[in-house]
Structure formats: structure tokens, C-alpha cells
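Asker: got a sequence here, can you build the structure:
(chains A and B)
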Amino acid sequence: AQRVTQPEKLLSVFKGAPVELKCNYSYSGSPELFWYVQYSRQRLQLLLRHISRESIKGFTADLNKGETSFHLKKPFAQEEDSAMYYCALSWGGLTGGGNKLTFGTGTQLKVEL
Amino acid sequence: DGGITQSPKYLFRKEGQNVTLSCEQNLNHDAMYWYRQDPGQGLRLIYYSQIVNDFQKGDIAEGYSVSREKKESFPLTVTSAQKNPTAFYLCASSMEALGYNSPLHFGNGTRLTVT
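Answerer: I've put the predicted structure just below:
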């Protein structure tokens, strides 16, 4: 069965420090991975997806199939990065019944001055 | 703003009563989803619908029911059979039903409290 693990409930860093939010997955098929973010008093929204290979708000994430990881990184944290971050695995698609997402338990990032 | 609207924002019910949560979208998305969010457990899929008049159970469907009579609407009923109904419920939609991995758009959620 598919599974997403985010080992850190809370990550606290100082402004300007590097950030790495960990995500590991378990899935027998070809994974499609996402990071979603929820800022205070805002709805959950897509941050980035691995297939796009893009940097959003300075964040990047590389899919490492060997380590089954999709860690989210940013070299210099900003105060506005404080939010709840969810890693998600998409599965199903054309082969299996639709576009479904399995989410990790989330990591609360707190950037302190 | 447009997108997905969930109502109400807060809902209080007594134990033993069924309650229906509303979810409407004006994005013309084919697929809609219901998730439940509990502290320390992330988001868990309750039901999803890829197309009108069709829906499938997610990981924790017991005690819930849905309908999809219109493309833009996907109401969730929390029945008295749901053992732990107090939670934050999120509705989402995505453009593609059977296609690959289009991102989800989320509503603002409904916080249900059952006493």
C-alpha cells in the first residue's frame, strides 16, 4: 500500500538558515509527488510538484527513487515561510481508478527572527 | 473568490444526528474529493468522485455517504454510524478525473463538532 512519512511534526529554524523538510514514500508504482502548504488562515494549496522540476518561493524538491524520498529544501528561510507543509503521493491515474492523493502527517515550519 | 466553497465554516451537532456538509465548485473540475484532517494524522481520503453520478470509497469511508448529482456539487453526509465524527473536513477538486495527477484545489474546510 502507498504511504507517505514526514518524520518531523515541528521544525524550527532561524531566518536565513537553510531548511529541509523530510518526506519519504512507499509505493510500488511510478510515483508522482507533491508538496502542499497551508499558511495561517489560508486554504491548503499546491506548492510544487516533482514533475515540474521548478523552484517555487525559493523551495525545491528532488525525487530520489533510490532513497524513496522527496525532501523539500530552501537555502535561506524567510519569516513568511512559516506554515504547515504536507508531502503527498499521487497514485491511481489511468491505470487504477483515478487521481488520488495520499498525504503525510505534515510538518509545521516555524521561522524565527 | 471563486473556486471551492464549503459551508458552513463551523457546525455543531448532537450525537446520533446525521449532518450534511456542503461543497460547491465553479472551476468546472471533473473530480471532487473529501478529506478528513485530524491532528497528527494528516489528511485522510473519505470519498472521491471522478464524474457525475459516480463515486468511490476512500480509505476511511465507514460512517459517511456522498452524492454527485451535479458536476459542481459533492455533499458529504456524516451519519450517526461514524464513531469519531468531530474533525476538520476538507473538500477538494481537480481538473482531470482519469488523467494523470492534476493538482488538487481545496476549500476552506468545515469544522464539525459532535457532542
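Asker: and B:Leu43, how far from A:Glu80?
Answerer: 23 Å (Cβ to Cβ, to the nearest Å). Every C-beta, even on glycine, is put in place using the N, C-alpha and C of the backbone.
Asker: with neighbour numbers in mind, choose between those two.
Answerer: B:Leu43 (25 against 10; other Cβ atoms under 10 Å in any protein chain shown).
Asker: per-residue pLDDT, the more buried one?
Answerer: B:Leu43 is assigned 91 on the pLDDT scale.
Asker: now do the same contact list for it.
Answerer: A:Tyr86, A:Leu101, A:Phe103, B:Tyr35, B:Arg36, B:Gln37, B:Leu90 (Cβ atoms under 8 Å, 6 or more residues apart in numbering or on different chains).
Asker: adding secondary structure and distance to A:Leu63, write these out as a markdown table.
Answerer: As requested, those are exported to a markdown table (DSSP: H, G, I helix; E, B strand; the rest coil; distance: Cβ to Cβ, whole Å):
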| residue | secondary structure | distance to A:Leu63 |
| --- | --- | --- |
| A:Tyr86 | strand | 16 |
| A:Leu101 | strand | 16 |
| A:Phe103 | strand | 17 |
| B:Tyr35 | strand | 23 |
| B:Arg36 | strand | 27 |
| B:Gln37 | strand | 25 |
| B:Leu90 | strand | 25 |
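Asker: spit out the contact partners of B:Ser65.
Answerer: B:Leu76, B:Thr77, B:Thr79.
Asker: lowest-confidence one in these?
Answerer: By pLDDT, B:Thr79 ranks lowest within the contacts of B:Ser65, coming in at 94.
Asker: residue contacts, that residue?
Answerer: B:Asn18, B:Gly63, B:Tyr64, B:Ser65.
Asker: from those residues, which is closest to chain A?
Answerer: B:Tyr64 (16.1 Å; Cβ to the nearest Cβ).
Asker: and the residue lying closest to that closest one once chain neighbours are set aside, what pLDDT?
Answerer: Nearest residue to B:Tyr64, sequence neighbours excluded (Cβ to Cβ, 6 or more residues apart in numbering or on different chains): B:Ile46, at 5.2 Å. On pLDDT, B:Ile46 comes in at 95.
Asker: if anything else comes up later, I'll come back, but that's it for now.
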